[in-house]
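Asker: sequence and computational prediction follow.
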Amino acid sequence: MFRRQHLLLRCLLCSLEELKEKTDNFGSKALIGEGSYGRVFFAQLNDGKEVVVKQLDVASEPDSNVEFLTQVSMVSRLKISVS
């Protein structure tokens with residue numbers, strides 16, 4: 001029997017245009033790392049919130065979408081404090 005997996009995702013709503021602006025079009029200055037499924041960028045949004053943005057690598061395996069969403073679901077529950 002097929003069982004559908006439900007994932008809890010907590011995401012901020014912001015436009016792609018704002019993300020491009022705040023990451024310098026996903027440029028090297030905002031790049032903080034590379035991981036599975038793509039690159040990771042830092043941005044400070046217009047409302048002052050500091051966020052980490054993971055950009056999905058479209059060249060990755062099609063089957064990896066579920067794993068990517070699982071990873072996003074887990075990471076979205078983290079609260080990181082930087083001193």
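Answerer: Perfect, I can see it now. Residues are numbered from 1 along each chain as shown.

Asker: can you list phi and psi of residue 44 for me?
Answerer: The phi and psi values for residue 44, taken as degrees, to the nearest 10, are phi -110, psi 120.

Asker: list the buried residues in stretch 66-79.
Answerer: Judged by neighbour count (16 or more other Cβ atoms under 10 Å), stretch 66-79 contains these buried residues: 68, 71-73. (C-beta placed from N, C-alpha, C; glycine too.)

Asker: chain center to it, what's the gap?
Answerer: Relative to its chain's centre, stretch 66-79 lies at 9 Å (Cα atoms, centre = their mean, to the nearest Å).

Asker: circling back: could you dump the buried residues of stretch 66-79 to TSV with distance to residue 41?
Answerer: Below are these laid out as TSV (distance: Cβ to Cβ, whole Å):
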residue	distance to residue 41
68	16
71	16
72	14
73	19
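
Asker: farthest pair within the residues you listed?
Answerer: Taking Cβ to Cβ as the measure, the buried residues of stretch 66-79 span a maximum distance of 9.6 Å, between 68 and 73.

Asker: how about the strands in this protein?
Answerer: Secondary structure of the chain, counting by DSSP state E: strands at 31-35, 38-44, 50-56.

Asker: mean neighbour count, those strands: which tops it?
Answerer: Most buried of those by mean neighbour count (mean count of other Cβ atoms under 10 Å) is strand 38-44; its value is a mean of 17.

Asker: average pLDDT across it?
Answerer: The average pLDDT within strand 38-44 is 90.

Asker: strand 38-44 and the top helix by length along the chain, what's the angle between them?
Answerer: Longest helix in the chain by number of residues, with DSSP state H as the criterion: helix 64-76. Helix 64-76 runs at 30 degrees relative to strand 38-44, counting by axes from the mean of the first three to the mean of the last three Cα atoms, to 10 degrees.
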